[in-house]
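Engineer: With the sequence up front, the predicted model follows.
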Amino acid sequence: MSPFPRTPRLSGDDPEAKRREIRAYFHATFDRYERLFEVLTCDEAYFRKPISLRHPLIFYLGHTATFFINKLVLAGLVSERINPRFESMFAVGVDEMSWDDLSETNYDWPAVAEVRAYRDRVRAVVGGLIDTCRSQVIRRAVPRMT
């Protein structure tokens with residue numbers, strides 16, 4: 001496994017080189033996060049809570065992808081949501097002061113395959129945005145997402 005890439009600096013004189021660097025970084029971090037879930041041996045494991053004060057692991061599989069879409073919508077860089085239900089369900093983690101957040105009756109978790117398909121769509125949207133947006137937009141938007 002290659003070393004984890006460093007966060008790209010947004011300065012530079014070559015917008016296309018910067019675009020390639022950002023694209024490579026995005027895909028590397030997205031891949032690395034997905035590899036964390038490779039230790040799970042069956043879909044049932046995604047629906048168990050690692051500890052009682054947290055959501056089941058399926059939440060965390062969807063959470064990072066949802067974060068990208070929600071931030072891009074907020075920044076006005078993406079006009080349409082991919083899956084409004086997921087982007088609501090996976091947006092907010094557990095609030096330790098609001099115990100009803102942990103009630104399984106409040107959630108209808110989707111199948112693992114559905115969340116993976118959603119992640120694939122998010123990857124395509126973000127990758128397409130990196131490939132097509134003007135370099136000034138990348139410089140303006142990326143600091144907002146960090």
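Structural biologist: Structure received. Numbering: from 1, shown residues only.

Engineer: Pick out the residue nearest the middle of the protein.
Structural biologist: A65 (2.1 Å; C-alpha atoms, centre = their mean).

Engineer: Name the residues that touch the one helix or strand that residue maps to?
Structural biologist: For A65, the host element (DSSP states H and E) is helix 57-74. Residues outside helix 57-74 that contact it (C-beta atoms under 8 Å, 6 or more residues apart in numbering): 30, 33, 37, 40, 45-48, 50, 78-79, 81-82, 86-87, 89-91, 93, 109-110, 112, 115-116, 118-119, 122-123, 125-126, 129, 141, 144-145. Glycine gets a C-beta too; all of them are placed from N, C-alpha and C.

Engineer: what about the residue nearest to the centre of the chain, distance to S11?
Structural biologist: Per C-beta to C-beta, to the nearest Å, A65 is found 28 Å from S11.

Engineer: residues in contact with the helix or strand hosting G128?
Structural biologist: Following DSSP H and E, one finds G128 within helix 112-132. Applying C-beta under 8 Å, 6+ apart, the contact partners of helix 112-132 are 19, 22-23, 26-27, 30, 34, 43, 46, 58, 61-62, 65-66, 68-69, 72, 77-78, 82-83, 86, 110, 138.

Engineer: What are the boundaries of the helices in the protein?
Structural biologist: In the chain, the helices defined using DSSP state H lie at 15-35, 57-74, 84-89, 112-132, 135-145.

Engineer: how about the ones you listed, which one is nearest P5?
Structural biologist: helix 15-35 (5.1 Å; C-beta to C-beta).

Engineer: Could you pull out the buried residues of that closest one?
Structural biologist: K18, R19, E21, I22, R23, Y25, F26, F30 (16 or more other C-beta atoms under 10 Å).

Engineer: Which pLDDT does the model give P15?
Structural biologist: With respect to pLDDT, P15 scores 82.

Engineer: Check T66 too.
Structural biologist: 96.

Engineer: Burial check on it, number of neighbours?
Structural biologist: 24 (other C-beta atoms under 10 Å).

Engineer: low-scoring stretches of this structure, by residue?
Structural biologist: In the predicted model of the chain, residues 1-2, 94-106, 135-146 satisfy pLDDT under 70.

Engineer: could you redo the last one with a cut-off of 50?
Structural biologist: Low-confidence segments of the chain, defined by pLDDT under 50: 141-146.
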